[in-house]
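1. Here's a sequence, model it:
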Amino acid sequence: MTAEYVTTQMQLEQALASARKRLPAYQGLLDFYGPVFEAVEASHKNAAPAPVRLSSDRIEKTRQGGFPLVSPSEFFVDMDAAEALFHQIVSIARKIPGKWAAFAEAVSTTAGASPLTPSVLFENFLSQNDAFFIDIAGQYGVDIRMLTLVVYNSVLPSLRRCAEQLAAAYLDRETPWEKGFCPVCGNLPGLAVLEENGARAFFCAFCYHKWPSRRLFCPYCENTDSGSLQYFYSEAEDGYRVEVCDRCGKYLKSVDLRAVSHPVYPPLELLTTLHLDMKAREAGYESPGAFMME
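-> Model prediction:
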């Protein structure tokens with residue numbers, strides 16, 4: 001029986017319960033990320049960012065040139081929904097002893113500072129202004145990785161809504177997309193899946209758009225040589241493997257929906273396979289598609 005993707009709150013609860021049972025070592029991470037995933041999904045149901053409008057000339061140019069529809073900075077954000085989610089995630093963090101509680105305290109203490117206003121954080125995140133986050137992290141004593149992770153998850157429901165709208169309105173369904181980057185926003189995949197019929201697909205590490213891929217294909221260097229495309233897996237975890245490319249030295253984690261029994265939620269799969277990332281890196285491989293999860 002092929003596993004289903006998470007589409008309901010009940011399925012997400014089942015996926016989280018399965019992870020807690022199968023992977024006790026991840027209990028600490030799930031104490032934080034479990035409520036965050038639930039909050040993100042609840043927000044996704046109601047998020048309503050303005051639609052992104054593209055001209056016919058631009059659509060034609062992207063199709064002819066093999067370019068993504070938009071850049072990350074062109075996504076619209078439902079500010080009310082994103083700000084509410086931001087504060088909800090900070091409240092979740094406050095309940096987690098240790099570094100997350102300290103982070104929540106630091107953010108709350110400096111909440112009146114204009115650079116830490118959620119709308120300002122969202123704008124600089126989407127424009128990929130790394131210098132901004134480095135500066136405010138040092139200025140206000142806030143962990144930069146934790147801050148960007150909270151900001152990303154706060155805007156994620158809007159990113160997904162925009163990606164859904166753009167894909168439905170503008171993607172060319174007649175011509176297969178054979179690139180290794182997302183046809184919507186141009187980011188790299190964060191996860192590969194093998195579906196019921198054995199077909200392979202990628203999930204974008206940024207907007208979570210899913211697109212089909214060839215079975216033998218490295219999204220990073222477009223290598224299709226079977227001799228330099230390999231994979232390894234843990235015998236204790238049926239359905240999970242790490243696909244590696246010896247040509248470019250990159251890797252991508254993969255889930256076989258035909259071999260797992262719980263509903264599949266890509267962010268959760270990325271989180272609960274961090275040990276596979278460690279093994280891949282120990283073997284000398286890198287994953288540029290890994291995003292906002294560790």
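
2. Check which residues of stretch 123-137 are buried.
-> Of the residues in stretch 123-137, those buried by neighbour count under the rule 16 or more other C-beta atoms under 10 Å are 124, 125, 126, 132, 133, 136, 137. For the C-beta atoms, the positions are set from N, CA and C on the backbone; glycine is no exception.

3. which one in this protein is furthest away from the centre?
-> When each C-alpha in the chain is compared with the mean C-alpha position (C-alpha atoms, centre = their mean), residue 57 comes out farthest, at 30.1 Å.

4. For this protein, which segments count as strands?
-> Under the criterion DSSP state E, the chain contains strands at 189-194, 200-204, 210-213, 229-232, 240-245, 250-256.

5. Let me know which of those strands is the nearest to residue 80.
-> The closest of those to residue 80 is strand 200-204. By C-beta to C-beta, the value is 24.8 Å.

6. Could I get the CA-only coordinates of the closest one as CSV?
-> Only the C-alpha atoms of strand 200-204 are listed here, as CSV (Å, rounded to 0.1, in the frame of the first residue of the first chain):
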residue,chain,number,x,y,z
ARG,A,200,10.3,10.2,-9.2
ALA,A,201,9.4,13.7,-8.1
PHE,A,202,11.1,16.6,-6.3
PHE,A,203,9.8,18.9,-3.6
CYS,A,204,11.2,22.5,-3.7
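
7. got the angle for that strand vs strand 189-194?
-> Interaxial angle, strand 200-204 versus strand 189-194 (axes from the mean of the first three to the mean of the last three C-alpha atoms, to 10 degrees): 160 degrees.

8. could you say what helices and strands strand 200-204 packs with?
-> Packing partners of strand 200-204 (3 or more C-beta pairs under 8 Å, 6 or more residues apart in numbering; DSSP states H and E): strand 189-194, strand 210-213.

9. And for the residue nearest to residue 228 when sequence neighbours are not counted, the neighbour number?
-> Setting aside the residues directly before and after it, residue 228 is nearest to residue 246 in space (C-beta to C-beta, 6 or more residues apart in numbering), at 4.3 Å. For residue 246, the tally of surrounding residues (other C-beta atoms under 10 Å) stands at 15.

10. Who are the contact partners of residue 246?
-> Residue 246 makes contact with 228, 229, 230 under the criterion C-beta atoms under 8 Å, 6 or more residues apart in numbering.

11. Show me just the buried residues among the residues you listed.
-> When these are checked against 16+ other C-beta under 10 Å, the ones flagged as buried are residue 229.

12. before we move on, the earlier item: for residue 62, which of the strands of the chain is the nearest?
-> strand 210-213 (14.4 Å).

13. Let me see the mean pLDDT of the closest one.
-> If you average the pLDDT over strand 210-213, you get 96.

14. Run through who's touching it.
-> Outside strand 210-213, the residues within contact range by C-beta under 8 Å, 6+ apart are 176-177, 180, 182-183, 189, 192-193, 199-204, 219.

15. For the protein, which segments are assigned as helices?
-> Using DSSP state H, the helices assigned to the chain run over residues 9-22, 27-46, 56-65, 79-94, 99-109, 118-126, 130-140, 144-170, 266-271, 274-282.

16. May I see the buried residues of the longest one?
-> Which is helix 144-170. Using 16+ other C-beta under 10 Å as the burial criterion, the residues of helix 144-170 that qualify are 146-163, 165-167, 170.

17. same thing with the third one?
-> Within helix 56-65, the residues that qualify as buried by neighbour count (16+ other C-beta under 10 Å) are residue 62.

18. Can you name the residues in contact with that helix?
-> Against helix 56-65 from outside (C-beta under 8 Å, 6+ apart): 67, 68, 69, 170, 172, 175.
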